[in-house]
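>>> Sequence and predicted structure, then a few things I'm wondering about:
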Amino acid sequence: MSEREWQALTKSEEAFMVNSYEIDILAGVWGDLDDDDQSRPVNELAGILLPLVDRGWIEVRRFAPWTSPSGEKGFQHGELVPRDQLPAVLEGAANWEYPDDGSWIGAVTLVETEAGKRITRVSPEEMAE
């Protein structure tokens with residue numbers, strides 16, 4: 001299933017999927033987008049991302065601080081941005097940029113779902129073929 005669905009994706013859809021696999025902030029997608037899509041306004045790029053969210057392959061979250069059991073500080077994907085709020089969030093150009101202060105806390109991030117993993121990874125059945 002994953003190979004067929006992966007091959008059906010456009011280069012820009014692949015870029016969003018890869019960034020979700022990497023749990024990258026939204027700004028990270030720019031370097032992976034199709035050349036033509038790099039100059040599109042963010043509301044049009046949201047039109048590429050939202051169907052992937054609606055298929056259940058990607059979640060949009062915000063980075064949150066995290067402390068490991070040993071006390072080390074780090075980040076984790078945090079709170080889910082509700083679907084009904086996504087259009088407004090994705091229209092905000094600042095959400096598509098790297099933070100000026102270098103802090104990713106609160107930055108919009110893409111997170112791959114279990115269903116998305118079936119698209120980005122080769123299944124054991126496909127490996128056996």
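Perfect, I can see it now. This structure is a prediction, so every number in the text was calculated from the model and none was measured. Numbering: from 1, shown residues only.
>>> Mind jotting down where the helices sit in the chain?
Assigned by DSSP state H, the helices in the chain fall at 2-8, 11-21, 42-54, 86-91, 114-120, 124-128.
>>> Let me have those helices in TSV, adding mean pLDDT as columns.
Shown next, in TSV, are those (pLDDT from 0 to 100):
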stretch	mean pLDDT
helix 2-8	77
helix 11-21	93
helix 42-54	96
helix 86-91	96
helix 114-120	85
helix 124-128	51
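>>> right, so of the ones you listed, which gets closest to Ser103?
Judged by C-beta to C-beta, the one of the helices of the chain that comes nearest to Ser103 is helix 86-91, at 18.1 Å. Placement of C-beta: from N, CA and C, glycine included.
>>> contacting residues around the closest one?
42-43, 45-46, 49-50, 53, 60, 81, 95, 108 (C-beta atoms under 8 Å, 6 or more residues apart in numbering).
>>> circling back: so of the helices of the chain, which one's packed in deepest?
Each of those was scored by mean neighbour count; the highest is helix 11-21, a mean of 21, by mean count of other C-beta atoms under 10 Å.
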